[in-house]
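**Q** Here's a sequence, model it:
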Amino acid sequence: MGVAVYRAVGRSYTYIGGEWINGRVHFSTREFGDFIFLKDSVSPTITPLTITRQSARLRIKDSLSGISSFEATINGKWLLMNYDNKSNTISSKLADPSSTLQGDFVLTVTDNAGNKTKYSKKIL
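**A** The predicted structure follows:
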């Protein structure tokens, strides 16, 4: 959605962010290097790996700015999810081990540029 500052790292870029004030960008960093303005208009991707009554496991990725947040619900109620940074996967964590995932599952993923992707599935 918006243009942000990125630091060039080899052939890829690391999201720095920045805030536009009066036509100028302000950002802070603790690293030296080459900085560039890029526009991230591509939404994150969600790939379901396993979705059953016992658990939900999905892969979430973003091609440029990185994942900012994710929120999962089951029948409109918040569902705790654990994030594994190495594999870019999230998995459900039920507060009550005797309960099951049944009903409308919705996952919303937002990247650092504000792009959103929503995944929905009815778990029977």
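**Q** The closest residue to residue 55 other than its chain neighbours: neighbouring residues, count only.
**A** In space, residue 55 comes closest to residue 92 once its chain neighbours are excluded; the distance is 5.2 Å by CB to CB, 6 or more residues apart in numbering. For every residue, glycine as well, the C-beta is placed using N, CA and C. Summarising burial for residue 92: neighbours were counted as other CB atoms under 10 Å, giving 21.
**Q** how about residue 92, what does it touch?
**A** Neighbouring residues of residue 92 by CB atoms under 8 Å, 6 or more residues apart in numbering: 55-57, 72, 79-82, 101.
**Q** ok, what's across the strand from it?
**A** On the basis of DSSP bridges, residue 92 is bridged to residue 81.
**Q** Just the local confidence number for it, please.
**A** We note a pLDDT of 91 for residue 92 in this prediction.
**Q** From residue 3, how far off is it?
**A** Distance of residue 92 to residue 3, computed by CB to CB, to the nearest Å: 35 Å.
**Q** so residue 3 touches residue 37, yeah?
**A** Yes. The pair residue 3 and residue 37 passes the contact test of CB atoms under 8 Å, sitting 5.2 Å apart.
**Q** the more surrounded of these two?
**A** residue 3 (14 against 10).
**Q** any residues in contact with both of residue 3 and residue 37?
**A** Listed as contacting both residue 3 and residue 37 by CB under 8 Å, 6+ apart is no residue at all.
**Q** For residue 36, give the beta-bridge partners.
**A** Beta-bridge pairing of residue 36 under DSSP bridges involves residue 6.
**Q** what sits against it?
**A** The neighbours of residue 36, taking CB under 8 Å, 6+ apart as the test, are 5-8, 13.
**Q** what's the neighbour count on residue 90?
**A** For residue 90, the number of neighbouring residues by other CB under 10 Å comes to 22.
**Q** check which helix or strand covers it.
**A** Using DSSP states H and E, the secondary-structure element containing residue 90 is strand 89-92.
**Q** Return the distance of that strand from the chain's centre.
**A** Relative to the centre of its chain, strand 89-92 is centred 12 Å away, using CA atoms, centre = their mean, to the nearest Å.
**Q** How about stretch 31-47?
**A** On CA atoms, centre = their mean, the centre of stretch 31-47 falls 13 Å from the chain's centre.
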